[in-house]
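Undergrad: sequence plus the predicted model coming up.
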Amino acid sequence: MQRLIAFVFLIVTLSSANAAEALPSKPNVLFIAIDDLRDWVGFLGDKQVKTPNLDKLAARGMIFTHSYCAAPVCNPSRTALMSGLRPGSSGVYENNADWRKSPAAKVPNITQHFMANGYDVRGSGKIYHGAYAPPTTYWHDFSPSGIERDAKKVEKKTEKKPLEGTWGNGNFTFGPLSIGDESMEDYHIVDYCLKELVKKHEKPFFLACGLHKPHLTWQVPQKYFDMYPLDQVKLPKVKVNELEGVPAAGIKMAKPLGDHKTITEAGKWKEAVRAYLATITFCDAMIGRLIDGLDKSSYKDNTIIILWSDHGWHLGEKDHWRKFALWEQATRSPMLYVVPGMTKSGSVCNRPVDYMSVYPTLSDLCGLGIPTHVKGKSIKPLLQDSNAKWDQPAITTYLHNNHAVRSEKWRYIRYENGDEELYDHDVDPLEWNNLSKDSKFQSVKKELSEFFPKDNVPDLGKKGAKSKDK
């Protein structure tokens with residue numbers, strides 16, 4: 001009898017184990033992409049911006065204080081992150097390069113990798129660059145705007161009437177709008193994701209939420225501008241002759257006679273900074289809605305959250321605006337992870353990482369294996385221990401064969417024409433003193449140069465049309 005009981009117990013145990021293995025045991029992924037958000041968030045120490053929801057989310061997991069884009073432009077940054085190939089391997093250096101005709105389309109992108117490994121992959125908003133949407137085979141379901149395509153509901157067509165204080169033209173326009181949040185496209189993108197979070201999913205899911213703001217135009221509801229009285233707005237810290245010591249190749253990227261000249265001569269510097277702050281806070285409100293929805297769902301405790309922005313933004317530093325450069329402001333942007341059972345609340349990692357780490361890290365965390373074409377390294381060891389050994393600097397590329405290497409101490413830029421910049425961030429965090437010509441630092445440059453990408457294939461978009469996303 002005892003042997004029979006033991007045998008029955010063994011059979012029940014094995015059956016339970018097999019049943020458990022058959023259930024979706026892999027974690028879900030909430031993949032949050034933000035457009036044009038620089039390091040102006042509370043959790044990275046900015047004292048001016050109001051980002052309560054981002055700060056609250058950051059307090060739940062690990063923030064990376066030195067996270068950098070693979071390219072300071074929407075299309076190549078997103079192509080690199082999603083495909084696992086750096087710009088030098090894909091030829092996608094600018095917004096005018098169609099990545100779908102590049103090597104980046106010939107390897108499994110991250111969504112395809114998750115689909116092939118049993119995930120239900122869905123999303124809404126700006127994940128890839130809008131002009132080059134991938135084939136439908138990259139998703140089980142995707143809604144660019146968040147609007148239901150098979151229903152009569154459409155986006156509320158309230159006139160987006162600019163209010164007093166609006167300035168600019170074309171893409172570079174900013175000012176308050178006489179509408180509510182529900183008339184903004186990002187509101188509906190979050191709505192799509194909220195609907196997915198209340199569904200019953202039979203498989204683990206990969207849910208992507210791509211928010212457009214704070215990308216230009218900086219036009220959001222009036223209430224967000226009201227949070228930043230103009231007389232209290234502080235400009236970025238700059239110095240006279242910001243481009244002193246910057247070589248010709250860097251000045252060419254800065255374009256000091258472009259946006260900066262236009263804005264300063266019009267006396268609109270403060271107004272522009274205010275508009276950027278207001279647009280960030282609108283984005284923060286959308287993040288708050290999304291995370292509230294996750295927390296109310298049954299997936300809260302088994303969902304990895306990753307939040308990243310495709311690159312940083314200049315607001316007059318180096319007499320430069322927008323991205324399109326290899327300095328700290330254009331290349332640094334927020335990134336955080338919340339990994340249930342792994343990341344400790346309020347943890348901070350100061351190691352330099354770039355976004356080539358995203359594909360391998362999520363694959364690693366979800367137990368999927370990392371495809372051989374992926375160029376980046378998994379940062380799972382850092383998520384487990386923020387002080388773990390890490391000898392990989394962050395690498396950013398802008399246009400053909402122009403690269404920046406960012407270690408914990410140094411930023412080293414080398415342009416295609418041989419021009420160089422070297423900054424010691426321990427003493428010069430604003431990158432005002434270019435040390436590249438000082439012979440004392442030749443060994444530093446030599447060591448850092450070993451990390452420059454070896455692949456520098458021709459520019460796929462060199463003969464293409466000019467980008468409309470500036």
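TA: Received it, and whenever you're ready, just let me know what you need. Residues are numbered from 1 along each chain as shown.

Undergrad: which strands and helices sit next to the helix or strand Ile32 falls within?
TA: Secondary structure assignment for Ile32, by DSSP states H and E: strand 28-34. Judged by 3 or more C-beta pairs under 8 Å, 6 or more residues apart in numbering; DSSP states H and E, strand 28-34 is in contact with strand 205-211, helix 269-296, strand 303-309. For glycine as for every other residue, the C-beta is placed from the backbone atoms N, C-alpha and C.

Undergrad: those: which one's closest to Pro52?
TA: With C-beta to C-beta as the criterion, Pro52 lies closest to helix 269-296 of the helices and strands packed on strand 28-34, at 6.7 Å.

Undergrad: ok, back up a step: touching the strand holding Ile32 from outside, list them.
TA: Residues from elsewhere that reach strand 28-34 (C-beta atoms under 8 Å, 6 or more residues apart in numbering): 78, 114, 119, 123, 125-127, 193, 201, 204-211, 214, 283, 287, 290, 294, 299, 302-310, 334, 362, 366.

Undergrad: helix or strand next in line after it, which one?
TA: Using DSSP H and E, the helix or strand that follows strand 28-34 towards the C-terminus is helix 52-58.

Undergrad: now that next one, how far from the centre of its chain.
TA: Between the centre of helix 52-58 and the centre of its chain there are 16 Å (C-alpha atoms, centre = their mean, to the nearest Å).

Undergrad: who's in contact with that helix?
TA: Helix 52-58 is touched from outside by 41-43, 284-285, 287-288, 291, 305, 307, 334, 336, 338, with contacts defined as C-beta under 8 Å, 6+ apart.

Undergrad: if you count neighbours, what's buried in it?
TA: Asn53, Leu54, Asp55, Leu57, Ala58 (16 or more other C-beta atoms under 10 Å).

Undergrad: next: stretch 123-136.
TA: Gly123, Ser124, Gly125, Lys126, Ile127, Tyr128, His129, Gly130, Tyr132, Pro134.

Undergrad: shaky segments in the chain?
TA: Within the chain, the ranges that satisfy pLDDT under 70 run 1-24, 148-161, 463-470.

Undergrad: which residues in it form helices?
TA: Assigned by DSSP state H, the chain shows helices spanning 2-22, 52-58, 74-83, 87-90, 110-116, 185-198, 222-226, 248-254, 259-265, 269-296, 328-331, 358-365, 380-384, 442-449.

Undergrad: so which of these comes closest to Asn456?
TA: Nearest of the helices of the chain to Asn456, taken as C-beta to C-beta: helix 87-90 at 4.6 Å.

Undergrad: other residues contacting the closest one?
TA: With C-beta under 8 Å, 6+ apart, helix 87-90 has contacts from 70-71, 76, 79-80, 83, 93, 99, 102-104, 375, 397, 401, 453-457, 460.

Undergrad: could the C-alpha coordinates of it be exported in CSV?
TA: Extracted in CSV, the C-alpha atoms of helix 87-90 (Å, rounded to 0.1, in the frame of the first residue of the first chain):
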residue,chain,number,x,y,z
PRO,A,87,24.4,51.9,-38.2
GLY,A,88,27.9,51.0,-39.5
SER,A,89,26.6,47.4,-40.2
SER,A,90,23.2,48.4,-41.7
